[in-house]
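# A structural model of the following input is requested.
(chains A and B)
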Amino acid sequence: MGVDFSQPQRQSVIGILVMFFYTLQQYSRALWPMIVIWIFKFDEINKLYLFLGMIAVFVSIGVVSYLKYLNFTFFLDSENEEFIITDGVFNKTKTAIQLRKIQQVNINQSFIQKLIGVYELDVDTAGSNKKEGAIKAISHELALELKFRLLENEEKKSTIGIEETSLEETEQKLFEAAHPFIKIPFLSLLKVGITSNYGRSIALLVIFFSTIYENFQNFGDANNVYKEKVGSYIDKNLVLQTILISIALLFGIVLVVNIIRTVFKYYDYKITRQKGSLLLSFGLLNTKSTIIKPEKVQITTVTRNYFQKKMGILELKIKQATSGEKEERKSVIEIPGCSETERDSILKLLFHKIPEKGLMLQPNFRKLVFSVFLSLGLPLLGFMAIGNWLEPLFFEYSYVVPIYVVFIGLIQYFKFINNRLFINENFIIKQSGAWDVSNDIIEPSKIQAITTSQLFWHKRLNIGSITLHTAGGNIAFQLGNYSILKQQVNLWLYEIETSDSNWM
Amino acid sequence: MENFTNEIIDINQLPKFEEVTFTNLHPKYIRVVLINVAIIIGILILVPVLISVFKPELFSGRVWLVLGAFIPIISLLIIVFSYIGFQKKGFAFRKHDVLFRHGIIAVNTVVIPYNRVQHVALHEGLVSRFFGLAKIEIFTAGGSSSDIEIPGIEKEQAENIKHLLMGKIQKQL
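Residues are numbered from 1 along each chain as shown, chains lettered A, B, ... in the order given. Sure, this is the predicted structure:
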């Protein structure tokens, strides 16, 4: 702990390289049309000029990154309790971040940084959307030390009064810090890859192949001879076979893509406990690390599908409080491939107890009717209308209709069956989803506002909807027993209004 | 610690948000609504007229017929819905929370406890200011879907409400 941060310091010298690559990246992004033109006219340009130009560009980028390195300093002002970063080549910027406003300090490593062997340190504060301070190149020890010093302040705040920790406890803490309490094995990641994100991958592949097919057709139109030849080659019998093979192939590609993506994203997933917070780090090429503070967690989602249940894995998603809407998607933290015991220990850490499902509410069957109308009735009506009045050719695709009806019908049915709201003294759990069944868990104290809604013709049926707004998103439940819902709303309001519970 | 008690809460004894009597918006506010609607209808009529002046070839007799039937129906619908919307809107300030009710085919009620309010703003539109009305905007950390906007409150009353809310928020801190 002997590093002195009170004097302005530069980044690691090797950081010039990082700067160089980043600036290069920036320039090439800005100038790519020119580069493309150069490549196409490669033969026409004087090679000497090109060579000289390239050298000039590289040298200037080098100079700029050196200047960036020279002008970037950071230090801790212990008097004013501020972390100060100065940067800029021509326009100098000085960023002062008050230590007590610091929410998170992340240590990341991108691919380039990994190659060079340095880390990036991001300082995140409340109240602004973007990362306020970022040090692009710093050694790991220094980064850890700085992180410790930046967050020290906060620790002071919270540990007043608990000065006397017994030796055992400190030992325990040291043990916790050194040994990740959850490590997601490679095998689990493979399982996750096999069992999740079918929808997204298939959509991506369909887009990919349809563009290829379109281009292919355009090409075919240009020379009909080619088309005829291909046409004669394809036998009627072969068609079915090809379709089956291509479907099998499609699934194969989806699986492989999924596995590769999951492994790249979550390789070496480690969760460490640190002063009541969870420290996560993962990633194959870009190592990411984040902190979850239990008090900032708003919505916790546990998701699993049928296959995952059989394999004994599940996925946790944790949404923390956000300051901006745009940020919302970014601040979702995913923990893939947990086992049930791991889930329980994480939940215990977040909530101090394992959430239990209490009073169960089901939606009225009208919800099923309505969603079937939206997802089946309207598209079919549209199909009929177009076929009847605009384009009779459309009816040639009628064979798709039964497949669509069965598929969507099943999805809607399972969605309806799985849609439940569980209300317990300490937790509200919403279950939803057709294939991937997810449970959103919130604590009533995290509620910011409640919206209740009832259509006027549902008054006599006593059904209505409710939306619970939290700082991490909304939880909505439609067409449940309205009098129970209203009763619960009154209870929640009472709880929120009579306690000063901290929602963040 | 001696004073600490923990009795069972009788849910039926709790104050019921659904039985609160709501205050309607200021009667003058319907004029603001109608003026805004008039502007929209004006645009709806003006656009085809302008197009027909500059590009007369686009408009056959049939298009005129359709437009002639379409615009009055749409206008009537907009007016009726705006009026019902105005009538259905209402607000209430309880000791610990603020309620806002709105909606034409569905009755929506938003409840925000004072200790979850982030900040309060007072907004005066051009037309509203002419009638001495203002809009109160109440923001929470729950995103735009949970924010309340109460229009059509007399300026003075709006200021009072804002002060009341600010006072409530201050007390929480």
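
# SS state for residue A:378?
Reducing the assignment at residue A:378 to three states with DSSP: H, G, I helix; E, B strand; the rest coil gives helix.

# so how far is chain B from it?
Relative to chain B, residue A:378 is positioned 18 Å away (criterion: C-beta to the nearest C-beta, to the nearest Å). Using the backbone N, CA and C atoms, a C-beta is placed for each residue, glycine as well.

# give me the beta-bridge partners of residue B:23?
According to DSSP bridges, residue B:91 are recorded as the beta-bridge partners of residue B:23.

# pretty sure residue B:145 contacts residue A:470?
No - proximity of residue B:145 to residue A:470 does not meet the contact threshold set by C-beta atoms under 8 Å, at 11.0 Å.

# those two: who's more crowded?
Here residue B:145 and residue A:470 are set side by side on neighbour count (other C-beta atoms under 10 Å in any protein chain shown), and the busier one is residue A:470, at 26 against 15.

# and that one, what is it in contact with?
Contacts here follow C-beta atoms under 8 Å, 6 or more residues apart in numbering or on different chains; on that basis residue A:470 touches A:298, A:299, A:442, A:446, A:447, A:448, A:503, B:142.

# the last one touches residue A:469, doesn't it?
When you say that, I think you mean residue B:142. Yes - between residue B:142 and residue A:469 there is a contact at 3.2 Å, judged by C-beta under 8 Å.

# CA-only coordinates of stretch B:58-71, as PDB, when you get a sec.
Output in PDB follows, covering the C-alpha atoms of stretch B:58-71 (Å, rounded to 0.1, in the frame of the first residue of the first chain):
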ATOM      1  CA  LEU B  58     -52.700  14.900 -57.300                       C
ATOM      2  CA  PHE B  59     -56.300  15.500 -56.300                       C
ATOM      3  CA  SER B  60     -59.100  13.900 -58.200                       C
ATOM      4  CA  GLY B  61     -62.800  14.200 -57.200                       C
ATOM      5  CA  ARG B  62     -62.600  10.900 -55.300                       C
ATOM      6  CA  VAL B  63     -59.700  12.000 -53.100                       C
ATOM      7  CA  TRP B  64     -61.700  15.100 -52.100                       C
ATOM      8  CA  LEU B  65     -64.700  12.900 -51.300                       C
ATOM      9  CA  VAL B  66     -62.600  10.700 -49.000                       C
ATOM     10  CA  LEU B  67     -60.900  13.600 -47.400                       C
ATOM     11  CA  GLY B  68     -64.300  15.300 -47.000                       C
ATOM     12  CA  ALA B  69     -65.600  12.400 -45.100                       C
ATOM     13  CA  PHE B  70     -62.400  11.500 -43.300                       C
ATOM     14  CA  ILE B  71     -61.500  14.900 -41.700                       C
END
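
# pLDDT of that stretch, averaged?
Here the mean pLDDT over stretch B:58-71 is 81, rounded to a whole number.

# and the contacts of it?
Contacts of stretch B:58-71 with the rest of the structure, by C-beta under 8 Å, 6+ apart, involve B:41, B:44, B:45, B:48, B:51, B:52.

# pull out the buried positions in that stretch.
Using 16 or more other C-beta atoms under 10 Å in any protein chain shown as the burial criterion, the residues of stretch B:58-71 that qualify are residue B:67.

# please consider this matter closed, and thank you.
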